[in-house]
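Engineer: A structural model of the following input is requested.
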Amino acid sequence: MNEENLLTKRVRSLALALFLVLSGGAFLTACDNQGPAEEAGENIDDAVEDAGDSMEDAGDEVEDAVE
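Structural biologist: The predicted structure is shown next:
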């Protein structure tokens, strides 16, 4: 009887793990289709990152000029 309980727990754990993996895959494929708000957000993120890179480059140039 004890072996049956252990087997049942393992089967349940395996079934749960399989469910989670399949659910995660479905979630990731659903995220591929971006709406206009998500695209705008990504564009803003890119613009902020580019501005930060430009500021860093300018700071490096000032540093080099001071040396």
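Engineer: for the helix or strand containing residue 61, what is the distance to the chain centroid?
Structural biologist: Here residue 61 sits within helix 36-66, counting by DSSP states H and E. Between the centre of helix 36-66 and the centre of its chain there are 21 Å (Cα atoms, centre = their mean, to the nearest Å).
Engineer: then stretch 53-67?
Structural biologist: 32 Å.
Engineer: and it, what's its mean pLDDT?
Structural biologist: Here stretch 53-67 scores 81 as its mean pLDDT.
Engineer: CA atoms of that stretch as PDB?
Structural biologist: Coordinates of each C-alpha in stretch 53-67 appear next as PDB, following Å, rounded to 0.1, in the frame of the first residue of the first chain:
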ATOM      1  CA  ASP A  53      24.000  55.400 -24.200                       C
ATOM      2  CA  SER A  54      24.400  58.800 -25.700                       C
ATOM      3  CA  MET A  55      24.800  60.400 -22.300                       C
ATOM      4  CA  GLU A  56      27.400  57.700 -21.300                       C
ATOM      5  CA  ASP A  57      29.300  58.400 -24.500                       C
ATOM      6  CA  ALA A  58      29.300  62.100 -23.900                       C
ATOM      7  CA  GLY A  59      30.500  61.600 -20.400                       C
ATOM      8  CA  ASP A  60      33.400  59.400 -21.700                       C
ATOM      9  CA  GLU A  61      34.300  62.100 -24.100                       C
ATOM     10  CA  VAL A  62      34.300  64.800 -21.400                       C
ATOM     11  CA  GLU A  63      36.400  62.500 -19.200                       C
ATOM     12  CA  ASP A  64      38.900  61.900 -22.000                       C
ATOM     13  CA  ALA A  65      39.100  65.700 -22.700                       C
ATOM     14  CA  VAL A  66      39.900  66.400 -19.000                       C
ATOM     15  CA  GLU A  67      42.700  63.900 -19.000                       C
END
